[in-house]
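[1] Requesting a structural model of the entry that follows:
(one chain, ligands or ions: 2)
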Amino acid sequence: MGTWILNGLTVGREGQSQRHILVDNGSIKQIADAAAGLPDTSGHETIDAAGKLVAPGLVDMHVHLREPGFEHKETIATGTRSAAKGGFTTIACMPNTRPVIDTVDTVKYVLDKARTEGNGVRVLPYGCITKNELGRELTDFTALKEAGAIGFTDDGVGVQSAQMMKDAMAFAKSLDLPIIAHCEDNTLVEGAPVTEGAFARKHGLKGIPNESEAIHVGRDILLAEATGVHYHVCHVSTEQSVRLIRQAKQLGFRVTAEVCPHHLILSDEDIPGLDANWKMNPPLRSPRDVQAVIEGIEDGTLDIVVTDHAPHSAEEKAKGMMLAPFGIVGFETAFPLLYTKFVKTGRWTLRFLVEKMTSAPAEVFGLPYGRLEEGLPADITIIDLETERAVDPASFLSKSNNTPFGGWKLHGWPVLTMVGGSVVWSE
Ligand SMILES: NC(=O)N[C@@H](CC(=O)O)C(=O)O
Ligand SMILES: [Zn+2]
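    Residues are numbered from 1 along each chain as shown. Ligands and ions are numbered 1, 2, ... in the order given. Down below sits the predicted model:
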């Protein structure tokens, strides 16, 4: 017995249309134009998707699930539930856990946990570039790849040594896997909690300058040119980084980049006060930078949207702007935020947003997901575009609720998430 998803709105190369989708045996068996009438559904279950968007399952290539080691912030069980509620069917998790994911055993630990406690969501682990993320010694990329790592990153911290990064790129290139870079030069940061700029000045705080990010982007583009590796830039937040990546693409280098909803929507001028739910890395930048990342995603310089879901406990965030850890949760607000801010206002087409969260990340990382096509795995997200609802952090399925978006009234809430033909979350 299969499942017919009836009368949903789909967006694709042919524009928007109403379709029926038959899911059978974990795959998309048939896609039919609704104009031809209802299919014969006898012997099948049905899901009524009339008036709703039926999108490929959302793909998030930058998330923190915190296991092993930080289970008070999140677990693979709670993180994947949160992801499913946000419409995500595939998520790639960062290795800055404790221990970090720098050995075959830790990669296997995450994959095992994801299989048994991951609520059906596809979890793809990254392995560390350096042992313990200390920047001193490369990990065994070959072994990590064999264990299931899909790329290498020291996310949470920048690789400070250019030689180390160059060696990592050459190694990754030889295995045909990407380097995913958290770009941050520590000598320019020194414990500052927010961006250099208006907010920092007003509160007498040390600022994180744009160059701390862009210097690594520039350095790494040169190293990517030299090594030929696929180089992917994490959470781009500055005008200067966008400029460098744009130029690298024009020159034909194998460079891709991601941007987070918060960097597309908020600037440092929006920070209401010394509330650490507005503290993340990279920090909220100037309105000019926000404009630049918007233009960057619009002209294709920035390839994909990621959440950088970074849960921290309320106790940790209560330590205040200086002492609290960097990071905000992202799964359960990402699509509604971007839909409300950019699609509902007419700036982006619905198709553009959906692509940036589905087919584009799948293509950048060579994954067989992110498209609605006969024969592909039935990873599908159904989204209510009509109902307006306020963000309620208390209702998050994540273990943490550190978000600056509490109370925001949004449209575009996922109502059903399916992975490989199984419903993994529904309202
Ligand atoms: N983004 C953040 O503010 N925090 C991330 C680390 C990271 O992605 O750099 C975390 O692990 O908490
Ligand atoms: Zn990072």
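[2] Residue ranges of each domain in this protein, please.
    The chain resolves into domains spanning 3-54+377-426, 58-364 when parsed by automatic domain parsing.
[3] tally of neighbours for the residue in the stretch 101-250 of the chain that ligand 2 sits nearest to?
    For the stretch 101-250 of the chain and ligand 2, the shortest gap (Cβ to the ion) falls at His182, measuring 3.6 Å. To be clear about C-beta, it is placed using only N, CA and C from the backbone, and glycine gets the same treatment. His182: 24 surrounding residues under other Cβ atoms under 10 Å.
[4] right, and it touches Phe152 too?
    No. At 11.5 Å, His182 and Phe152 do not qualify as touching, with contact defined as Cβ atoms under 8 Å.
[5] where's the residue of the stretch 101-250 of the chain closest to ligand 2 relative to Val159, distance?
    Separation of His182 from Val159 (Cβ to Cβ, to the nearest Å) stands at 8 Å.
[6] And Gly346, by the same measure?
    41 Å.
[7] got a list of what the residue lying closest to Arg136 once chain neighbours are set aside touches?
    Among residues not flanking Arg136 along the chain, Thr130 sits closest, at 6.2 Å (Cβ to Cβ, 6 or more residues apart in numbering). Residues counted as contacts of Thr130 (Cβ atoms under 8 Å, 6 or more residues apart in numbering) are Asp102, Arg136, Glu137, Leu138, Thr139, Asp154, Val159, Met164, Ala168.
[8] so which of those residues comes closest to Gly273?
    Asp154 (32.2 Å; Cβ to Cβ).
[9] what about the closest one, how many neighbours?
    31.
[10] any idea how far Gly135 is from whichever residue of the stretch 101-250 of the chain sits closest to ligand 1?
    As assessed by Cβ to the nearest ligand atom, ligand 1 sits closest to Gly156 within the stretch 101-250 of the chain, at 4.1 Å. Distance of Gly156 to Gly135, computed by Cβ to Cβ: 12 Å.
[11] Next: Val100.
    12 Å.
[12] ok, the two, which is more surrounded?
    Between Val100 and Gly135, counting by other Cβ under 10 Å, Val100 is the more crowded of the two (22 against 18).
[13] The more buried one contacts Tyr109, correct?
    No. Using Cβ under 8 Å, Val100 is not in contact with Tyr109, being 11.7 Å away.
[14] Show the pLDDT at the residue nearest to Gly330 when sequence neighbours are not counted.
    Distances taken as Cβ to Cβ, 6+ apart put Thr307 closest to Gly330, at 2.9 Å, once the chain neighbours are dropped. We have a pLDDT of 99 for Thr307.
[15] just checking, Thr307 is part of a strand?
    No. Looking at Thr307 with DSSP: H, G, I helix; E, B strand; the rest coil, it is coil, so not inside a strand.
[16] mind checking the backbone torsions on it?
    phi -90, psi -30 (degrees, to the nearest 10).
[17] now Ile304
    phi -140, psi 160.
[18] how deep is it tucked in, by neighbour count?
    Counted by other Cβ under 10 Å, the residues lying close to Ile304 total 26.
[19] beta partners of it?
    Glu258 (DSSP bridges).
[20] coming back round to it: would you mind finding the most buried of the domains of the chain?
    Compared across those, domain 58-364 shows the largest average neighbour count, a mean of 21 (mean count of other Cβ atoms under 10 Å).
[21] and for the helix or strand hosting Val354, what are the contacting residues?
    Using DSSP states H and E, Val354 maps to helix 350-356. Outside helix 350-356, the residues within contact range by Cβ under 8 Å, 6+ apart are 11-12, 15-16, 53, 55-56, 297, 303-305, 335, 338-339, 342-343, 385.
[22] 6 Å instead, please
    Residues from elsewhere that reach helix 350-356 (Cβ atoms under 6 Å, 6 or more residues apart in numbering): Val11, Ala55, Ile304, Val305, Leu338, Val343.
[23] and if you look at stretch 279-292?
    Defining contact as Cβ under 6 Å, 6+ apart, one finds that stretch 279-292 is touched by 193-195, 197, 208, 213, 235, 237-239, 242, 266-268, 321, 324, 326-328.
[24] Let's test this: mean pLDDT of it, rounded?
    Per-residue scores along stretch 279-292 average to 98.
[25] what separates it from the chain centre, distance-wise?
    17 Å (Cα atoms, centre = their mean, to the nearest Å).
[26] That stretch and ligand 1, any residue contact?
    Yes. Among the residues of stretch 279-292, Met280, Asn281 lie within reach of ligand 1 under Cβ under 6 Å from any ligand atom.
[27] From one end of that stretch to the other, what's the distance?
    Stretch 279-292 stretches 20 Å from its first residue to its last (Cα to Cα, to the nearest Å).
[28] repeat for stretch 43-52
    Per Cα to Cα, the first residue of stretch 43-52 is 24 Å away from its last.
[29] Over to stretch 122-135?
    Termini of stretch 122-135 sit 29 Å apart (Cα to Cα).
[30] swap in stretch 266-273?
    14 Å.
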